[in-house]
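Trainee: sequence and predicted structure below; questions after.
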Amino acid sequence: MSEFFEKRFIKNYKDVEDPKVRERYGVFSSVVGVICNILLCASKLFVGTMAGSIAIISDGFNNLSDCASCIVTMLGYKMSAKPADKDHPFGHGRIEYLTSLMIAIVILLVGFELLRNSVSKIIHPKQIIFSYSAVIVIIISIGVKVWMGLFNRRLGKKINSSIMLATSKDSINDVFATAATLVALFASLKTSAPVDGIMGVIVSVFIMLSGFGIVKETVDLLLGQPVDEKLAGELKDIVDANEYALGMHDLIIHSYGPGNMLGSVHIEVDCRKKIMDIHEAIDSLEREIYAKLKIRITIHMDPVDPEDELTNTCKQMMEQIVKSINDTLSIHDFRAVDCGEQTKLIFDMLIPYECSMNEQDIQKEIDRKLGASEKNYATIVTYDKGGYAEVK
C-alpha cells in the first residue's frame, strides 16, 4: 500500500540516491507521522483525562513529541538536500544526523517530565475510571504504531536513512509503552495500588531509553565509524578485478551523509609496468568505484616488484615474526633495501584496537627477534592504529 503512495507522491521514487528524491521521501514519511500522531495524541488525551489515567495522558504526550519530531525531521530532510557550497564543500547531508540528535533530545526531555509526573502520581494516587472507549483507543494506537514502525523501517532501509530507522525504533518502543498503559487500565479493576503511576514510570523509562539509543547511534555517525565490512568487501572485489591492482590496504571512508562518501585507499601496482598505463588504470578504477558504490575515492599507488627475491623472502620472514608477537597484527606496503652490510626493512603495520600491545613493546620484540638472525637487519616501521580498514 505504501508503495502505491510512493509512486503517486514521490517523483522518480526509485532514484533513492538523488538528494531531492530523499527529501521527498522524508516529507512523505513526516506528513504521515504528523497525521497519525496528532490523531493518537488527541484521542489519548481525551480518554486519559476522562479516566484520570496519568499513564494514558503520558502516552498521549509521547505521541505529541513524536509529532514534533516528524516536523523537525521534515525540516532536516529539506536542509540536507541543499547542494554543496563554498562554506560546505561536502554538502549538507550530515544535517540528517544532527536532526536525529535533536529528535533524541526532545524525546529525553519529554520522558523526564513524564517520569516526574508519574512519580508524583505514585506518591499521590487517584482512582482511575475504567472505560471500554479507553481500551479501544489504546488497542487502535498499538496497531497504528506497529504499522508506523514497519512503514518507517521499510522506507529507512530503502533510502538508507538513519532518521527513519530511528523513528521506526521509536514507534516500536511506543508499542510496548502503550501496552503498559493497557495493563494499568485493566489493573485498576482489581486493585487500588498506584499501578497507573508505576506504568507511567515504565512508559517514561521506555521513552528515555529510546532517546539514549538514538543519541548513541547519531553520535557514532558524527564521530565516525569503522568501514562497513560489506562495503569494504564490495570495493575489494572491484579492485581485485583490475589487472593492474596487486593488493589494497589503508582503506578509509568518511560519510558526509547518506549517499555522500569520500575515501582513500592504497593499491599495490607492479613497478615494472609503464607508469602512464598504471595511472590510466587507477583513474578508471576511481570512476568505476564511484559508479558502483557512490564513493568518491582517491587511490594512492604503492609500487612493488612481485618477483624481487629479497623482498619476498624478507616479507615472509617478517610476517612470521609479527604473527609470533601477536596474531592480530598485520603488515603491508613492504620493501627490502640491500645496503651492503645491512638490509633495511620498510613497512607499515596495522595495530587493531583489540591489541593490548603498544608500539614500543612491538618494536622491542621485532628488534629482539631480528637480532637473533645471522644477517644484519634494520626496520623502518609506520604504525597504523585501528582506524584503517584491513581488507582480506
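Mentor: Received it, and whenever you're ready, just let me know what you need.

Trainee: number of residues surrounding Ser120?
Mentor: Using other Cβ atoms under 10 Å, Ser120 is surrounded by 13 other residues. No exception for glycine: its C-beta is placed from N, CA and C like everyone else's.

Trainee: next: Pro194.
Mentor: The local packing of Pro194 (other Cβ under 10 Å) involves 21 other residues.

Trainee: what distance do you get for it to Val119?
Mentor: In this view, Pro194 and Val119 are 10 Å apart by Cβ to Cβ, to the nearest Å.

Trainee: got it, and Cys67?
Mentor: From Cys67 over to Val119 the distance is 25 Å, taken as Cβ to Cβ.

Trainee: looking at these two, which one has more neighbours?
Mentor: When Cys67 and Val119 are compared for neighbours, Cys67 comes out ahead with 19 against 15, by other Cβ under 10 Å.

Trainee: quick one, strands of the stretch 101-250 of the chain?
Mentor: Using DSSP state E, counting those that start in this stretch, the strands assigned to the stretch 101-250 of the chain run over residues 247-255.

Trainee: domain ranges for the chain?
Mentor: Recorded structural domains for the chain (assignment: automatic domain parsing) are 2-223, 229-304, 309-385.

Trainee: show me the shaky parts of the stretch 201-350 of the chain.
Mentor: With pLDDT under 70 as the threshold, the stretch 201-350 of the chain has low-confidence stretches at 258-259.

Trainee: where do the helices sit along it?
Mentor: In the stretch 201-350 of the chain, the segments counted as helices under DSSP state H, counting those that start in this stretch are 229-240, 275-293, 309-325.

Trainee: can you add mean neighbour count and distance to Ala336 and give those back as JSON lines?
Mentor: Shown next, in JSON lines, are the helices of the stretch 201-350 of the chain (neighbours: other Cβ atoms under 10 Å; distance: least, Cβ to Cβ, whole Å):
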{"stretch": "helix 229-240", "mean neighbour count": "15", "distance to Ala336": "24"}
{"stretch": "helix 275-293", "mean neighbour count": "14", "distance to Ala336": "22"}
{"stretch": "helix 309-325", "mean neighbour count": "15", "distance to Ala336": "4"}
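
Trainee: center of this protein, which residue is that?
Mentor: Within the chain, the residue whose C-alpha comes closest to the C-alpha centroid is Leu221; the distance, by Cα atoms, centre = their mean, is 5.3 Å.

Trainee: let's verify the residue lying closest to that one once chain neighbours are set aside: helix, strand, or coil?
Mentor: By the measure of Cβ to Cβ, 6 or more residues apart in numbering, the closest residue to Leu221 outside its immediate chain neighbours is Tyr97, 4.8 Å from it. Each residue gets one of three states, and Tyr97 gets helix by DSSP: H, G, I helix; E, B strand; the rest coil.

Trainee: pLDDT value on Tyr97, please?
Mentor: With respect to pLDDT, Tyr97 scores 79.

Trainee: which residues does it contact?
Mentor: 162, 218, 221-222, 257 (Cβ atoms under 8 Å, 6 or more residues apart in numbering).

Trainee: just among those residues, which is most surrounded?
Mentor: For the contacts of Tyr97, neighbours were counted using other Cβ under 10 Å, and Thr218 has the most, 22 neighbours in all.

Trainee: pretty sure that one is touching Ile163, no?
Mentor: No - between Thr218 and Ile163 there is no contact under Cβ atoms under 8 Å: 9.1 Å.

Trainee: stretch 238-252 spans what distance, first to last residue?
Mentor: Chord length of stretch 238-252, first to last residue, is 16 Å (Cα to Cα, to the nearest Å).

Trainee: now do stretch 184-197
Mentor: Criterion Cα to Cα; first-to-last residue distance in stretch 184-197 is 8 Å.

Trainee: show the average pLDDT along it.
Mentor: The model assigns stretch 184-197 a mean pLDDT of 77.

Trainee: just to revisit the earlier point, for the contacts of Tyr97, work out which two are farthest apart.
Mentor: Using Cβ to Cβ, the two most remote members of the contacts of Tyr97 are Thr218 and Gly257, lying 12.5 Å apart.

Trainee: pLDDT weak spots in the stretch 51-200 of the chain?
Mentor: The stretch 51-200 of the chain contains residues with pLDDT under 70 at 55, 127-128.

Trainee: which residue ranges form the helices in it?
Mentor: 54-80, 95-123, 132-159, 162-187, 195-223.

Trainee: tell me the buried residues in the third one?
Mentor: If I follow you right, that is helix 132-159. 134, 137-138, 141-142, 144-145, 148-149, 151-153, 155-156, 158-159 (16 or more other Cβ atoms under 10 Å).

Trainee: what helices or strands is that helix leaning on?
Mentor: Contact analysis of helix 132-159 by 3 or more Cβ pairs under 8 Å, 6 or more residues apart in numbering; DSSP states H and E lists helix 2-9, helix 19-51, helix 54-80, helix 162-187 as its packing neighbours.

Trainee: spit out the residues that contact Thr218 and Ile163 alike.
Mentor: Taking Cβ under 8 Å, 6+ apart as the contact rule, the neighbours common to Thr218 and Ile163 are Ser100.
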